[in-house]
Structures are given as C-alpha cells and as structure tokens.
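K.L.:
Dropping the sequence and predicted coords here.
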Amino acid sequence: MTATWRLKSRFFLRTFLGALMLLGVDWVQVLHAENQVMIAYVAMGTGKAITAVDLRAGRVLKTFGLSVEPHGIAASRNGTNLFAADLTKGEYVEVLDVKSGRPQTKIKVGRGSHHLALSPDGRWLYATLSEVGQVAAVDAKSMTVVGHITTGPGTNYTVFAPDGKTAYVSNTGANNVTVIDVEGLRITGTISVKQAPGHMAIAPDGRLIYVVNEGSGTLSVVDTASWTVSANVRVGNDPHGIAVSPDGTRAYVTNYEDGTLSVIDTKNLKVTGTVTVGAEPEHVEVTPDGSLVIVARPGMGELVLLDAKALTKTRTIMVGEEPHQIEFAVNR
C-alpha cells in the first residue's frame, strides 16, 4: 500500500465515521459487525480528548474533544458512554456519548479525580480523588454522586471483585489498600503493602490482587480471602502500570524508570521476561482476547503494541498528546 493510498483510506474512514455520527448511527457497532476493528479508547490528558484507536490497523479512528484533561477513563457496560476524569484542572467527570461523539453531561465528584473504575454490573463508578484522599462513589445510571469515602493520602486506583460486592482502593501516601463494602459504602478493612502503592489489577477469579509499589520496585500479591500479602515480587525501577491476561496466567508491569515491561508468571510468581518498550511507559492493558499488550507512553504521545505470547513489538501508534488510561470498546 502506497503512502498516498494510506492517506486516502484514512481520509475516507474519518469522513465515513463523521457521516455515521451525524446520522445518529452506532459507528462502533457498524465497524464491529464487519469485524474490521479492535477499538481502544485512550484518555489524552492535556490533549483534552478521548482518542478511539483501531488496534488491528494501527490507526486513530476518531478524537473526541472534551472540556476536561482526562487521566482516567471508563466505558459503560452497554458501550454507550465513556467517562473521563479530570486530574489536573477541575472537579468533574465528563460523560461522552459514544454514538454522537459529543459530551453529554458532567458529574461533580471533587478535585483531582485520578483514575476511574466501573463495577462489573455497571452500576457503580468509582473516582479516586488523590488530592483529598477520597474515593467518590457515583451511581452510573443516574450519574449522581452518592457518597465520598476517605481512604487515605494519595488515593490512586480502584479494582472491583468479580461479584461487584467489594472494592479495593490503593493509597500511595499510606502504603496500604482499603477494602470497601460497595453496597454499604463503608470501609471493612485495610491491607498493608510496600512503599507507594499505585496501579492494581485483580485476577479473573478474584482470589488475588496485584498491587504495584512504585516506591519499592515490587509487586505485592494480595490474597483476598485473608486480606494478607502472600508474596512480593521484585520487578523494575519505579513500576507504574499493571495488567493481567484474561486467563490469569500472566501479569504485565511497566517500569517507568527502566523503559521496560516485566512479565510475571502468576503461578510461580516469578519474572519470566523483560521487554524494552521505550522511555517512561505508564498505563498498560491486555486486549480482551488476550492477543495484545498495549503500553501507553505519554511523553512520546504513543501506544506500543506487543504480541502477548511472543512478547515482541508489533507496532507503534502515534495517538497525540499525553495518552493515559486505556479502555476497550464493547461489542454490543
């Protein structure tokens, strides 16, 4: 394919998507129905946007402008809405209508909303408020805040148990993870980990939580039955992001200072590989089919894609200014 043809095809695709949006057609479903794309949504920070990326073709499909500077992002379970958290400037989570590509409303959650997490049933949206050490619990249907829970300094990341009854919140400044009863909206426990816990991931069966400790270069493995740390795995320097494969056999950790990705065997709890991905990698996700590992490099404005089995780089996608948290489109 020539460069001229690639430019023409991109122009045609973006024009086509724009026409579908104007007509009120569900453009995500049209592309999924044709099995043409694997779509990821990326929060673009100071770029004040969410970017939709076709991972298969390695191209940006659409960039949706926002009024907030999103660091965190979440997608509704039916795929109709995207939620974007404003870490640096304001107090709102902005809600984007995917079909039209336009902002729908804003939810006032409090200053410094860092990361977003949606419960498995789609009922609750949790926004971590790092500046005030709280998590805001939002009813995702009515789009209203139902309460704030003070968890500790540097509230960072939330994961939900598979049954949605329990939420776990990391507190970077307290070196612990708070356990929350979701229905009762109350704290039921605290788990001590290593220095400066940040991003987390939960095993598919919900039995283990993997906590990245930025200050100690380790990954804490937490047993959710006993609320105790069963192991601490040494990864790289200044680890940042964490993702677990859909089958639960591998965990992937980005190491910000080293510019690498550590691969952990979750059965033996050992690092089985280290891959160079480029300077200052942050967020990481695994595609729902388990085929690709996606690494965001905000400083370079790019996503690095790796084959999840071979651990080889398949492509780099330039997405724009400051990519952060990643979500995947729902094939509804």
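P.N.:
Yep, it's here. Residues are numbered from 1 along each chain as shown.
K.L.:
Tell me, please, where in the protein the pLDDT is lower than the cut-off.
P.N.:
For the chain, applying pLDDT under 70 flags the ranges 1-37, 331-332.
K.L.:
all strands for the stretch 1-150 of the chain, in order.
P.N.:
Here the stretch 1-150 of the chain has its strands, by DSSP state E, counting those that start in this stretch, at 39-43, 49-54, 59-65, 70-75, 81-86, 92-97, 102-108, 113-118, 124-129, 134-139, 144-150.
K.L.:
Now render the ones you listed as CSV, adding distance to Asp223 and mean neighbour count.
P.N.:
C-beta: built from backbone N, CA, C; applies to glycine. Formatted as CSV, the strands of the stretch 1-150 of the chain follow (distance: least, Cβ to Cβ, whole Å; neighbours: other Cβ atoms under 10 Å):
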stretch, distance to Asp223, mean neighbour count
strand 39-43, 31, 27
strand 49-54, 36, 23
strand 59-65, 40, 19
strand 70-75, 27, 25
strand 81-86, 30, 27
strand 92-97, 32, 22
strand 102-108, 34, 15
strand 113-118, 21, 26
strand 124-129, 22, 26
strand 134-139, 22, 23
strand 144-150, 23, 14
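K.L.:
mind giving me CSV with those and columns for distance to Val263?
P.N.:
Listed next are the strands of the stretch 1-150 of the chain as CSV, based on distance: least, Cβ to Cβ, whole Å:
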stretch, distance to Val263
strand 39-43, 20
strand 49-54, 23
strand 59-65, 27
strand 70-75, 25
strand 81-86, 29
strand 92-97, 33
strand 102-108, 37
strand 113-118, 23
strand 124-129, 27
strand 134-139, 30
strand 144-150, 34
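K.L.:
Can you say which of these is nearest to Ala310?
P.N.:
strand 39-43 (20.0 Å; Cβ to Cβ).
K.L.:
Point out the other elements, helices or strands, that that closest one touches.
P.N.:
Here strand 39-43 touches helix 27-33, strand 49-54, strand 70-75, strand 81-86, strand 326-328, going by 3 or more Cβ pairs under 8 Å, 6 or more residues apart in numbering; DSSP states H and E.
K.L.:
Pull the residues that contact the fourth one.
P.N.:
The set of residues external to strand 81-86 that reach it, using Cβ atoms under 8 Å, 6 or more residues apart in numbering, is 41, 43, 50, 64, 66, 68-76, 92-98, 104, 107, 109, 113-116, 118, 125, 127, 140, 327.
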